[in-house]
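Visitor: sequence isn't available, so here's the structure alone:
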């Protein structure tokens, strides 16, 4: 089998630009989805019943629709419905945030509901407000319990950025497809892309696991 990696060396800057955009999109999506998901998760636990019903519908809808469909709909349908055209990067960021936030909210809700009700009753009996209860008692313990699942979701978020290539976001997979098509070396190009994703993801997953082992005792009650 003839192996030629010269297209990778020739186009390394092109690939590096795609890698940078992948990292940027991953970070932005993770941060935005975490903030939105935290708000939704808290609202599903403490908001009035009608609000919880609406949010439950949103969460179930996002979990039932493939992220690729959300991405394509955001890029092509939003301009038709609203007249607002989103650049590819912002369309990808919006779609990933909407999709991943639904899963984050469920992680948050599960973490909060895993705290024993006795702690809540004791805090309220001591005169704490609902806000103080959530901030000082519930969230610190729930955050630790959420770490393993959140770490897995973080990995999924990074991998899902690859689908942004379908709307021409010039991230790593899109750049790899371009080089593979021009050089006729898909094996070398996509193997390199696979290794790059591994190099990005492996430290993330190991880092979250290591952090959890160090703070796991703080989540026990």
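Guide: Yep, that arrived. These figures come from a predicted structure and were not determined experimentally.

Visitor: most residues in a single helix of this structure, which one?
Guide: Longest helix of the chain, by residue count under DSSP state H: helix 12-46.

Visitor: in that one, what counts as buried?
Guide: Of all the residues in helix 12-46, those buried under the rule 16 or more other CB atoms under 10 Å are 14-15, 18-19, 21-22, 25-26, 28-30, 32-34, 36-45. From N, CA and C alone the C-beta is placed, and that goes for glycine too.

Visitor: surely residue 95 meets residue 70?
Guide: Yes - here residue 95 reaches residue 70: they are 4.7 Å apart, a contact under CB atoms under 8 Å.

Visitor: so which elements touch the very next helix or strand once past the longest helix of the chain?
Guide: As assigned by DSSP states H and E, the chain's next helix or strand after helix 12-46 is helix 49-64. Packing partners of helix 49-64 (3 or more CB pairs under 8 Å, 6 or more residues apart in numbering; DSSP states H and E): helix 12-46, helix 88-113.

Visitor: and the helix or strand just after helix 49-64, how far out from the chain's middle?
Guide: With elements assigned by DSSP H and E, the helix or strand that comes after helix 49-64 is helix 67-82. Averaging C-alpha positions (CA atoms, centre = their mean, to the nearest Å) puts helix 67-82 19 Å from its chain's average.

Visitor: for stretch 109-125, which positions count as buried?
Guide: The neighbour-count check on stretch 109-125 (16+ other CB under 10 Å) flags 109, 111, 112, 115, 120, 123 as buried.

Visitor: nearest spatial neighbour of the second one, skipping sequence neighbours?
Guide: This means residue 111. residue 142 (3.5 Å; CB to CB, 6 or more residues apart in numbering).
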